[in-house]
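Student: Prediction below, plus the sequence it came from.
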Amino acid sequence: MFKIQIMPSLLAAPMGRLEEAAQRSEEAGADGLHIDIMDGHFVRNLSMGPDVVRMARKAVQIPLNVHLMVSRPDWYIEPFLQAGASTVLFHIETECDPAPLLAQIRKAGRRAGITLNPETPLEAILPLRGLVDEILCMTVHPGFGGQKFIAEVLPKIAECRRQFPDVDISVDGGLDAQSAPLAAEQGGNIFLIGSTLFQAPDMKKAIQDLRTHAEAVFSKAIQ
Ligand code: DX5
Ligand code: ZN
């Protein structure tokens with residue numbers, strides 16, 4: 001029932017050629033585009049805003065998976081819905097009450113997602129059963145691309161799959177040909193990948209290979 005999905009993260013694309021990078025991803029067979037939004041407060045970096053999402057919405061047909069690394073998701077959900085986000089993910093570690101925000105996203109007809117930092121236990125989101133379409137388990141500390149995969153998160157992905165058997169589980173950070181299958185083995189089915197895909201000599205082949213490996217191990221995870 002779950003589809004393995006591979007989504008390039010625009011953070012790793014050349015900043016002066018984001019439109020071309022979005023189109024290149026779509027042509028390479030990506031299932032969606034991951035767009036990282038950082039506010040310089042929730043994380044110690046700044047990245048993109050709604051205009052980049054608006055640009056991507058015009059440039060490609062594939063879903064736009066928008067990851068809000070911001071302290072006040074309540075301020076920013078509406079502008080990103082307006083800009084054309086297909087899925088909006090925000091962090092459980094913010095001070096905001098998550099349930100009304102998830103409802104706001106769903107009311108707009110989009111997919112609602114919650115994100116957990118590597119150290120955040122799954123218990124933090126158990127009250128959100130029935131309210132989320134996607135759970136993102138970070139496998140690096142958010143803020144920067146190109147970091148090393150934190151393998152200690154793997155048991156949490158497995159527990160997440162047990163607790164949320166009907167929800168898409170995405171994984172973000174440090175994914176490559178070695179780490180992505182490890183996450184798929186635990187039940188992750190959406191892979192958000194920056195450096196590995198944008199540095200690959202052939203993005204299409206890289207996506208195909210990652211998909212084939214993830215599919216091969218994923219079926220065992222949900223049995
Ligand atoms: C990290 C971002 C990730 C990042 C992944 O804060 O949320 O989406 O772009 O990049 P790689 O795949 O290079 O770790
Ligand atoms: Zn991300």
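Tutor: Structure's in. What do you need? Ligands and ions are numbered 1, 2, ... in the order given.

Student: now residue 111: how far from ligand 1?
Tutor: 17 Å (CB to the nearest ligand atom, to the nearest Å). Backbone N, C-alpha and C define where each C-beta goes, glycine included.

Student: Okay, buried residues for the helix or strand of the chain with the lowest mean pLDDT please.
Tutor: Every helix and strand in the chain was compared by mean pLDDT, DSSP states H and E; the lowest is helix 203-221, with a mean of 95. Neighbour counts over helix 203-221 (16 or more other CB atoms under 10 Å) mark 203, 206-207, 210-211, 213-214, 217-218, 221 as buried.

Student: Then stretch 77-85?
Tutor: By neighbour count on 16+ other CB under 10 Å, the buried set for stretch 77-85 is 77, 80-81, 83-85.

Student: okay, that stretch in CSV with CA atoms only?
Tutor: C-alpha atoms of stretch 77-85 as CSV (Å, rounded to 0.1, in the frame of the first residue of the first chain):
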residue,chain,number,x,y,z
ILE,A,77,1.7,27.8,7.1
GLU,A,78,-0.7,30.1,5.3
PRO,A,79,1.9,31.7,3.0
PHE,A,80,3.3,28.3,2.1
LEU,A,81,-0.2,26.9,1.4
GLN,A,82,-0.9,30.0,-0.8
ALA,A,83,2.4,29.4,-2.6
GLY,A,84,1.4,25.9,-3.6
ALA,A,85,2.9,23.5,-1.1
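
Student: among the buried residues of stretch 77-85, which two are most distant?
Tutor: Spatial extent of the buried residues of stretch 77-85 (CB to CB) is set by the pair 77 and 84 at 13.1 Å.

Student: Tell me which other helices or strands the least confident helix or strand of the chain touches.
Tutor: Applying 3 or more CB pairs under 8 Å, 6 or more residues apart in numbering; DSSP states H and E, we find helix 203-221 packed against strand 5-8, helix 18-27, helix 179-185, strand 190-193, helix 195-198.

Student: how does it look with 10 Å?
Tutor: Packing contacts for helix 203-221, counted by 3 or more CB pairs under 10 Å, 6 or more residues apart in numbering; DSSP states H and E, involve strand 5-8, helix 18-27, helix 154-163, helix 179-185, strand 190-193, helix 195-198.

Student: Any part of that helix near ligand 1?
Tutor: No. Figure legend: helix 203-221 not in contact with ligand 1 (CB under 6 Å from any ligand atom); closest approach 11.5 Å.

Student: now swap in stretch 113-129 and tell me
Tutor: No. Using CB under 6 Å from any ligand atom, stretch 113-129 never reaches ligand 1; the gap is at least 8.5 Å.

Student: Any buried residues in that stretch, and which?
Tutor: 113-117, 120, 122, 125, 128.

Student: Find the residue closest to residue 129 in space, skipping its chain neighbours.
Tutor: The shortest distance from residue 129 to any non-neighbouring residue, by CB to CB, 6 or more residues apart in numbering, is to residue 164 (7.1 Å).

Student: pretty sure that neighbour is touching residue 116, no?
Tutor: No. Between residue 164 and residue 116 there is no contact, the gap being 11.8 Å when judged by CB atoms under 10 Å.

Student: any common contacting residues for those two?
Tutor: 122, 125, 135 (CB atoms under 10 Å, 6 or more residues apart in numbering).
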